[in-house]
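Peer 1: Output the structure for:
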Amino acid sequence: MTKSKSAIICKADLLRVLDGVPHGIAVLDKKNRILGINRFLGGLTGYSDEEARGIYFDYILRSNLRRRGNPLQCVVKTGESITTEGNIINRRRQNIPIRFTISPIKDSSGKLLGMVLTLEDISILEDLGRKIHGLSGLEGIIGHSPKMQEIFDLVPVISQTDASALITGETGTGKDLLAYAIHQASKRSRYPFIKVNCSALPESLLESELFGYMRGAFTGANTDKPGMFRLAHGGTIYLTEIGDMPLPLQAKLLTVLDDKEFFPLGSSKKVKVNARVIASTHRDLKEFIRQGRFREDLFFRLNVLRVHLPPLRKRDGDVRLLIDHLLNVFNSNLKKSIKGLDQKALNIMLSYYYPGNVRELRNILEYAVTICHGNTIRSEHLPKYMFLSKEKGPSSNDQNQESEKNVSRLDINLESPSEASGSMSWVSVEKRMIMEALMKTGGKRGRAAELLGWGRSTLWRKIKQYGLE
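Peer 2: The predicted structure is shown next:
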């Protein structure tokens, strides 16, 4: 590194000072290569300072700046600061709206040495704008049913404490959105919100992802990696699908929750961390404890504050509200001018049981908007699996009666484990769902998967897992 470059980031240990700034900051040289990033930008992008150094900024900050007149080049030419808005896509493939401020770094003679790029996450401001126009409930969670109003009332209370929180609910109910809403309403909102999916990685990779490692800890560890807990320092780490975390890692997580410190892989020195832990799961953790798959002491440590998100079928009136909102969203995104659904299609949408909850409703409506070439969605524009229970029967009246029976029976079997009978675990519920779906479809697995709202591979994996071949 040349003397001029070294002066940019080494004098008074600039980057350590910038770690205390609640915005992402990158120091660039004249050729737009990164000389260093602060901790907040590491949390925002998913890249550590060590990984980013020496890399051209747009490989780390994948943004739309170049399509906006290349403001960095303007700063090089004019020597003046520029502020503009755009977005970045981070390592976790999240699209984040950003306000960029690009400022020149000059020596005493006015010669340009490099630039400071400041990134301010403005997603909360955009969401506030949507709220003002009535398009959002709470950080993207939409609902006016009594059960959702209870959730909205709980968020400010949960946000005022640093205690661990556990969010439960079926797949697709919005657990991720709720966790982010709690973070944004808390005093930690100025610091990173880091999400880690505990079911997406094998145990060895998940441990290094969470706790980091030192160079030489294993083959291929050529640099130090801070890990997600260190990136979340000062903010919130959100552990989704905590029920799928391997038992050895559960023990290490319990230590972090109790002592606020841990050993990175390959290190003999403890690292202290100050990050709030929010976890979520769609599993029945009490059943997992009985099966020896989840630690009881970790459950009690996480379950200090608990929020259960209700399934969509339990949210009176919210389906219609979501349909209206999502139609506006898809009309805008897909350049359509659909005014609504005809009565038949609307009745089907309102009476469907949504095993995939809000996520499934969104997918159904996006499909319908995509294939609809007029300005009204009709029943033929809805996915075919929504009609499977109506295919058999001598008359339309009989079909409708049979459909109501099917919905009622499936609704009972799709209850969350805590609401089912005390002797029925989630595994038992899923087995029963699968068997009933296969019986309805005459053993046709593809149609059974559609009826359940799953992919074929998911159904086949669960059939094998539960020994239902």
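Peer 1: residues in contact with the residue most central in space within the chain?
Peer 2: When the chain is reduced to its mean C-alpha position, the nearest residue by CA atoms, centre = their mean turns out to be Asp176, at 4.7 Å. Listed by CB atoms under 8 Å, 6 or more residues apart in numbering, the contact set of Asp176 reads 195, 238, 240, 280. Every C-beta, even on glycine, is put in place using the N, C-alpha and C of the backbone.
Peer 1: Now for these, which sits with the most neighbours around it?
Peer 2: With neighbours set by other CB atoms under 10 Å, the maximum within these is found at Tyr238, which has 28 neighbours.
Peer 1: My guess is that residue contacts Ser280. True?
Peer 2: Yes. Tyr238 sits in contact with Ser280 when judged by CB atoms under 8 Å, with a separation of 7.3 Å.
Peer 1: which residues of the stretch 151-300 of the chain fall in helices?
Peer 2: Listed in chain order, the helices of the stretch 151-300 of the chain (DSSP state H, counting those that start in this stretch) span 175-184, 203-211, 228-231, 247-259, 285-290, 296-302.
Peer 1: What's the mean pLDDT across stretch 64-79?
Peer 2: For stretch 64-79, the mean pLDDT works out to 75.
Peer 1: gap between the two ends of it?
Peer 2: For stretch 64-79, the first-to-last residue distance is 21 Å (CA to CA, to the nearest Å).
Peer 1: buried ones in that stretch?
Peer 2: Within stretch 64-79, the residues that qualify as buried by neighbour count (16 or more other CB atoms under 10 Å) are 65, 71-72, 75-76.
Peer 1: residue contacts, Ala165?
Peer 2: By CB under 8 Å, 6+ apart, the neighbours of Ala165 are 158, 179, 182, 276-279, 302, 304-307.
Peer 1: And for Ile323?
Peer 2: Contacts were defined as CB under 8 Å, 6+ apart; by that measure Ile323 touches 341, 346, 349, 361, 365.
Peer 1: can you check Lys252 too?
Peer 2: With CB under 8 Å, 6+ apart as the criterion, the residues that contact Lys252 are 207, 211, 262.
Peer 1: Mind putting the residues you listed into JSON lines with distance to Glu80?
Peer 2: Written out in JSON lines, the entries for the contacts of Lys252 read as follows (distance: CB to CB, whole Å):
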{"residue": "Glu207", "distance to Glu80": "47"}
{"residue": "Phe211", "distance to Glu80": "44"}
{"residue": "Phe262", "distance to Glu80": "45"}
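Peer 1: Count the residues that sit near Ser428.
Peer 2: Based on other CB under 10 Å, the number of other residues close to Ser428 is 17.
Peer 1: any idea of the pLDDT on it?
Peer 2: The model's pLDDT for Ser428 equals 70.
Peer 1: After the helix or strand of the chain with the lowest mean pLDDT, which helix or strand is next?
Peer 2: The helix or strand of the chain with the poorest confidence is helix 396-413; it has a mean of 35 (mean pLDDT, DSSP states H and E). With elements assigned by DSSP states H and E, the helix or strand that comes after helix 396-413 is helix 426-440.
Peer 1: I'd like to know which elements that following helix is packed against.
Peer 2: Contacting helix 426-440 under the criterion 3 or more CB pairs under 8 Å, 6 or more residues apart in numbering; DSSP states H and E are the following elements: helix 396-413, helix 445-452, helix 456-465.
Peer 1: Now do stretch 344-360: distance to the chain's middle.
Peer 2: Relative to its chain's centre, stretch 344-360 lies at 23 Å (CA atoms, centre = their mean, to the nearest Å).
Peer 1: Looking at it now, give me its mean pLDDT.
Peer 2: Stretch 344-360 shows a mean pLDDT of 90.
Peer 1: Pull out the buried residues from it.
Peer 2: Judged by neighbour count using 16+ other CB under 10 Å, the buried positions of stretch 344-360 are 345-346, 348-349, 352-360.
Peer 1: And stretch 58-76, how far out from the chain middle?
Peer 2: Between the centre of stretch 58-76 and the centre of its chain there are 27 Å (CA atoms, centre = their mean).
Peer 1: contacting residues around that stretch?
Peer 2: Residues outside stretch 58-76 that contact it (CB under 8 Å, 6+ apart): 26, 28, 30, 32, 34, 37, 45, 47, 51-52, 57, 80-82, 84, 86-90, 98, 100, 102-104, 112, 115, 117, 119.
Peer 1: Please list only the buried members of these.
Peer 2: A residue is treated as buried here by neighbour count (16+ other CB under 10 Å); on that basis the buried members of the contacts of stretch 58-76 are 26, 28, 32, 34, 37, 45, 47, 51-52, 57, 82, 86-88, 90, 98, 100, 102, 104, 115, 117, 119.
Peer 1: out of those, which are inside helices?
Peer 2: Secondary structure from DSSP state H places 45, 51-52, 57 of those in helices.
Peer 1: Quick one: those residues as a markdown table, columns for pLDDT and distance to Val319 too.
Peer 2: As requested, these are arranged in a markdown table below (pLDDT from 0 to 100; distance: CB to CB, whole Å):
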| residue | pLDDT | distance to Val319 |
| --- | --- | --- |
| Thr45 | 84 | 37 |
| Glu51 | 85 | 44 |
| Ala52 | 86 | 44 |
| Phe57 | 83 | 44 |
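Peer 1: Format the CA atom coordinates belonging to the longest strand that the chain contains as CSV.
Peer 2: Scanning the chain for the longest strand, with DSSP state E as the assignment, gives strand 95-106. Coordinates of each C-alpha in strand 95-106 appear next as CSV, following Å, rounded to 0.1, in the frame of the first residue of the first chain:
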residue,chain,number,x,y,z
ASN,A,95,-32.5,-5.7,-2.2
ILE,A,96,-32.0,-2.7,0.2
PRO,A,97,-33.0,0.9,-0.7
ILE,A,98,-30.0,3.1,0.1
ARG,A,99,-29.2,6.8,0.2
PHE,A,100,-25.6,7.2,-1.0
THR,A,101,-23.3,10.1,-0.1
ILE,A,102,-20.0,10.2,-2.0
SER,A,103,-17.4,12.6,-0.7
PRO,A,104,-13.8,13.2,-1.9
ILE,A,105,-10.7,12.8,0.2
LYS,A,106,-8.0,15.4,-0.6
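Peer 1: Report the mean confidence score over stretch 194-214.
Peer 2: Mean pLDDT, computed over stretch 194-214, is 86.
Peer 1: Over to stretch 119-126?
Peer 2: 68.
Peer 1: ok, now stretch 87-95?
Peer 2: 78.
Peer 1: what bits of this structure have low per-residue confidence?
Peer 2: Regions of the chain meeting the criterion pLDDT under 70 cover residues 1-17, 20, 66-69, 123-140, 389-427, 429, 453, 469.
Peer 1: what does the domain assignment say about it?
Peer 2: Structurally, the chain divides into domains by automatic domain parsing as follows: 3-121, 126-308, 313-382, 395-469.
Peer 1: Relative to Leu388, which of these is closest?
Peer 2: Using CB to CB as the criterion, the shortest distance between Leu388 and the domains of the chain is 5.2 Å, found for domain 395-469.
Peer 1: Need the buried residues of stretch 344-360 in JSON lines (columns: secondary structure and distance to Ser189).
Peer 2: Supplementary listing: the buried residues of stretch 344-360 in JSON lines, determined by DSSP: H, G, I helix; E, B strand; the rest coil; distance: CB to CB, whole Å:
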{"residue": "Ala345", "secondary structure": "helix", "distance to Ser189": "40"}
{"residue": "Leu346", "secondary structure": "helix", "distance to Ser189": "39"}
{"residue": "Ile348", "secondary structure": "helix", "distance to Ser189": "41"}
{"residue": "Met349", "secondary structure": "helix", "distance to Ser189": "36"}
{"residue": "Tyr352", "secondary structure": "coil", "distance to Ser189": "36"}
{"residue": "Tyr353", "secondary structure": "coil", "distance to Ser189": "36"}
{"residue": "Tyr354", "secondary structure": "coil", "distance to Ser189": "31"}
{"residue": "Pro355", "secondary structure": "coil", "distance to Ser189": "34"}
{"residue": "Gly356", "secondary structure": "coil", "distance to Ser189": "30"}
{"residue": "Asn357", "secondary structure": "helix", "distance to Ser189": "27"}
{"residue": "Val358", "secondary structure": "helix", "distance to Ser189": "24"}
{"residue": "Arg359", "secondary structure": "helix", "distance to Ser189": "25"}
{"residue": "Glu360", "secondary structure": "helix", "distance to Ser189": "30"}
